[in-house]
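Asks: give the three-dimensional model of this entry:
(chains A, B, C and D)
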Number of protein chains: 2
Amino acid sequence: MMTSRTWPTAEPLDGVFLALSDPTRRAVIGRLGQGGASVSELAQPFEMSLPAFMKHVRVLESCGVVRTEKRGRVRVCVLEGQAISQAESWLAQQRAAWQAQADRLVTYVEDEQEGVEGDRRRQ
Amino acid sequence: MMTSRTWPTAEPLDGVFLALSDPTRRAVIGRLGQGGASVSELAQPFEMSLPAFMKHVRVLESCGVVRTEKRGRVRVCVLEGQAISQAESWLAQQRAAWQAQADRLVTYVEDEQEGVEGDRRRQ
DNA sequence: TCTATTGTTTACCTCAAGGTGAAGTGTTGT
DNA sequence: ACAACACTTCACCTTGAGGTAAACAATAGA
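Replies: Reported below is the predicted structural model:
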């Protein structure tokens, strides 16, 4: 229940990745990649009540993936590239570290293999 | 309550991003970037019961981010690069689309601005 | 063989996520 | 003025995520 934790809860990436974990919200992001849109415009493809859909918008907004602004009675939503970029570069870093380590492993195994082959030749 | 949905629930990315939304699990991924480790080795830095930690491992495993294997009494965990790569490229795609559209917008505004300046010159 | 180590299972708790319907608020267009 | 529109708020429900404690394997090492 997170009574005591080594790191402060709710780091920025928590929210971004949580937001990305829902297909509705990923679809919204995809749509907003083509340009801004109103809430009802965004909601149109989904079989879901408006209040439910608004929650998704709020989730996207509160983690900084989407910025919204009220113009008259319509709320306009636009993508905010920075949050997505941060998530992307975290992933890139992890993959790079993993790849580097995997390469070292392969090199090590190849060296071992050479050793074995050497032994075989020596037989 | 997801009684009816346009897309099938539980797409692969759902699980991966959900897994990434927890700081404990991100830390585990970071650790596994340096190479494989046993569960208790991984759990050591965390103030958390072992069963609780095992759940995190299972989450990482069931979405394909981590592969585990039982050797004797110890369960060895290793990173599986593919799942992370897929998440990464989804994000890269979204950012690219957003950037392309943002660039088009800037171009459009610049053209408008030139028009205005032209009008100003004509005054 | 006995004991410590390393998980694993079980039962349980709490809270937040994602959804609903119904009623309310503020704008816009006629 | 007033009807239609585009949210917004409210009260509520169900499920799953993340955590606990305690008891139960199964393997490794002395």
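
Asks: just the closest residue of chain A to DNA strand C, please.
Replies: A:G72 (2.2 Å; Cβ to the nearest atom of the strand). Every residue, glycine included, has its C-beta placed from N, CA and C.

Asks: give me every residue that touches that residue.
Replies: By Cβ atoms under 8 Å, 6 or more residues apart in numbering or on different chains, the contact list for A:G72 is empty.

Asks: how far away is it from B:G15?
Replies: The spacing between A:G72 and B:G15, counted by Cβ to Cβ, to the nearest Å, is 40 Å.

Asks: so the nearest residue to A:A37 once chain neighbours are set aside, which of the three states?
Replies: Nearest in space to A:A37, with sequence neighbours left out and distances taken as Cβ to Cβ, 6 or more residues apart in numbering or on different chains, is A:C77 at 6.0 Å. Three-state assignment for A:C77 (DSSP: H, G, I helix; E, B strand; the rest coil): strand.

Asks: which residues touch A:C77?
Replies: A:28, A:32, A:36-39, A:42, A:57, A:60-61, A:66-68.

Asks: among the residues you listed, the buried ones, what's the PyMOL command?
Replies: Here is the PyMOL command that selects the buried residues among these (16 or more other Cβ atoms under 10 Å in any protein chain shown):
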select buried, chain A and resi 28+32+36+37+39+42+57+60+61+66+68
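
Asks: now, which of the contacts of A:C77 lie within helices?
Replies: Mapping those onto helices (DSSP state H) picks out A:28, A:32, A:39, A:42, A:57, A:60-61.

Asks: okay, the residues you listed in CSV with distance to B:G81 and pLDDT next?
Replies: Formatted as CSV, the ones in helices among the contacts of A:C77 follow (distance: Cβ to Cβ, whole Å; pLDDT from 0 to 100):
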residue, distance to B:G81, pLDDT
A:V28, 28, 98
A:L32, 29, 98
A:V39, 38, 98
A:L42, 34, 98
A:V57, 33, 98
A:L60, 28, 98
A:E61, 32, 98
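
Asks: dump those into JSON lines; add distance to DNA strand D as well.
Replies: Listed next are these as JSON lines, based on distance: Cβ to the nearest atom of the strand, whole Å:
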{"residue": "A:V28", "distance to DNA strand D": "13"}
{"residue": "A:L32", "distance to DNA strand D": "14"}
{"residue": "A:V39", "distance to DNA strand D": "4"}
{"residue": "A:L42", "distance to DNA strand D": "8"}
{"residue": "A:V57", "distance to DNA strand D": "7"}
{"residue": "A:L60", "distance to DNA strand D": "13"}
{"residue": "A:E61", "distance to DNA strand D": "10"}
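
Asks: all helices for chain A, in order.
Replies: Using DSSP H, helices in chain A cover A:12-20, A:23-32, A:39-43, A:50-62, A:81-122.

Asks: circling back: from B:A37, how far out is the residue of chain A closest to DNA strand C?
Replies: Counting by Cβ to Cβ, the gap from A:G72 to B:A37 is 56 Å.

Asks: you'd agree A:L91 is up against B:W90?
Replies: No: using Cβ atoms under 8 Å, A:L91 makes no contact with B:W90, being 9.6 Å away.
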